[in-house]
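**Student:** What follows is a predicted protein model with its sequence.
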Amino acid sequence: MLIGLEGSGKTTTAAKLARLYTKQGQHPLLAAADTYRPAAQEQLRTLGAQVGVPVVGDAGQKPLEICRAARDEAAARGLTPLILDTAGRLHVDEVMMDELRAIRSEIKPHHILLVVDAMTGQDAVTVADKFNQAVGIDAVVLTKMDGDARGGAALSVRHVTGRPIAFVGVGEKPEALEPFHPDRVASRILGMGDVLTLVEKAQEVVDQKTAEEMVRKLREDAFTLEDFRDQLAQLRKMGPLDQIMGMIPGLGKMFRGAPKELDAEQASLGRFDAIIASMTPAERRHPEIINGSRRLRIARGSGTGVPDVNRLLKQYAQLRKMMKQFKGLEGKVPRMKLPGFPTLRG
C-alpha cells in the first residue's frame, strides 16, 4: 500500500514497483484507488500498459471498493503482489487519514510504503512523522533523487520515523527505481560517485554474450560504426548522462555545474544515431570511404550538418585508437578482482 501527499510520485512509483516485481518473475496487480486527482486512474492504466501489468479501478467507485475488488481479483487470478495506489492531498488532513486507516484495516496490506518527495527537504521529515503516527508505515520510498536533492532528507526521515528507506526514485521512466543502499547514497552525498550502481545499470542493458562479442571485435580491430551505434544505444538505456557521470568518482563534481553541456551531449547521442542510420551498410563497416560528397548526403539524410558528421567520425576514430592502446597493454596490466564479479584483465 502506497501512501503520501499529492505530487510525491505515488502513481509513478506504483508502476515502477510493478515493473521491478515483473522482472523478478512475479505477476503483480495494480489498484487505481486514487479517485480524487483528475486523470490519476488513467495515468496508472497508461503506466500499467507500459510495464505489462493489469490495473483494477474505475471512475465512480470508492477507494475502499477498488481495493476490495483488486484484492479479490488478485486472489482469483493468483497474482502477487497487489500494489495499492491510494489518494494524496496537498496537505495532511483527517479525512485523508481516516480513508487510509479504513483501507489498512480491511485490506490488511503486508507493507505500507510512504512515498516522499526528496526535493521537499526537511519538510519531508514532518510529513513522514505525521503519516507514521496517524497510519503507521513500514518503510519509505524517496522520489526525485535525480534532482538537486543530495539525500540529506533520507537521514532525517530514517531517524525520526525509525523506519528504513526501501527504494529511491531516480527519474520518471518505469526503470528509474533503485533499492536503497545507505553506503552508496552516502558516497553520492560526498561526491565520491557510485560505481556499484553504475555496474548494475550496465549489467541490465548488456548481456554476457554481447559483452564477450564486443571484446572479440575490439581485439580483432573489427569494431565498426554499427557496433558504435549499438554502444550509443546501450549508453542511452542506462539513463541521463548527468546521472551516469555522477556515479563515476570525480566526474560528478566536474559536471555538477554544467547541465547545459550534458544536455548537449545527450542530444548528440541522438544525432549520432540518426547519422549512422543515414549511412549505407558499406559506409558503416568501412568509414574510410566516406568522402566529402558522401558526408553531405549523410548530413542531409539525417537532418544534421556536415560538422556533425565530421564530429562523429572523429570521435569514432579516437575510440578505435584508444582501444588499440588498451590492446597493447593486454597482459601487462595486473589482474583486477571486483566483489561478486569474475577476474578481469586489463
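**Tutor:** All right, it came through fine. Numbering: from 1, shown residues only.

**Student:** Let's test this: name the helix or strand in the protein with the lowest mean pLDDT.
**Tutor:** Least confident helix or strand of the chain, by mean pLDDT, DSSP states H and E, is helix 251-255 with a mean of 47.

**Student:** what ranges do the helices span in the stretch 151-300 of the chain?
**Tutor:** In the stretch 151-300 of the chain, the segments counted as helices under DSSP state H, counting those that start in this stretch are 152-161, 182-189, 195-205, 208-219, 225-237, 241-247, 251-255, 259-277, 281-285, 292-302.

**Student:** and those helices, which one is worst for confidence?
**Tutor:** Mean pLDDT across the helices of the stretch 151-300 of the chain is lowest at helix 251-255; the value there is a mean of 47.

**Student:** which secondary structure elements does the longest helix belonging to the chain contact?
**Tutor:** Counting residues, the longest helix found in the chain (DSSP state H) is helix 306-329. Packing partners of helix 306-329 (3 or more CB pairs under 8 Å, 6 or more residues apart in numbering; DSSP states H and E): helix 208-219, helix 225-237, helix 259-277, helix 292-302. Heads up, the C-betas are built off the backbone N, CA and C, glycines and all.

**Student:** do that again at 6 Å, thanks
**Tutor:** Under the contact criterion of 3 or more CB pairs under 6 Å, 6 or more residues apart in numbering; DSSP states H and E, helix 306-329 touches helix 259-277, helix 292-302.

**Student:** Quick check: buried residues in it?
**Tutor:** Going by neighbour count (16 or more other CB atoms under 10 Å), the buried part of helix 306-329 is 308, 309, 311, 312, 313, 316, 320.

**Student:** Not counting sequence-adjacent ones, nearest residue to the first one?
**Tutor:** In this structure, residue 308 finds its nearest non-sequential neighbour in residue 271, 5.6 Å apart by CB to CB, 6 or more residues apart in numbering.

**Student:** if I look at that neighbour, how far off is residue 287?
**Tutor:** 16 Å (CB to CB, to the nearest Å).

**Student:** same deal with residue 5?
**Tutor:** Counting by CB to CB, the gap from residue 5 to residue 287 is 54 Å.

**Student:** Give me the more crowded residue out of the two.
**Tutor:** residue 5 (23 against 19; other CB atoms under 10 Å).

**Student:** Which of the three states applies to the more buried one?
**Tutor:** coil (DSSP: H, G, I helix; E, B strand; the rest coil).

**Student:** what's it in contact with, if anything?
**Tutor:** Applying CB atoms under 6 Å, 6 or more residues apart in numbering to residue 5 gives the contacts residue 88.

**Student:** Can you tell me the closest non-neighbouring residue to the residue nearest the centre of the chain?
**Tutor:** Central residue of the chain (CA atoms, centre = their mean): residue 176, 2.0 Å from the mean position. Distances taken as CB to CB, 6+ apart put residue 170 closest to residue 176, at 4.9 Å, once the chain neighbours are dropped.

**Student:** How is the chain divided into domains?
**Tutor:** The chain breaks down into these domains under automatic domain parsing: 2-180, 197-329.

**Student:** measure the longest one end to end?
**Tutor:** Read it as domain 2-180. With CA to CA, to the nearest Å as the measure, domain 2-180 spans 17 Å from end to end.
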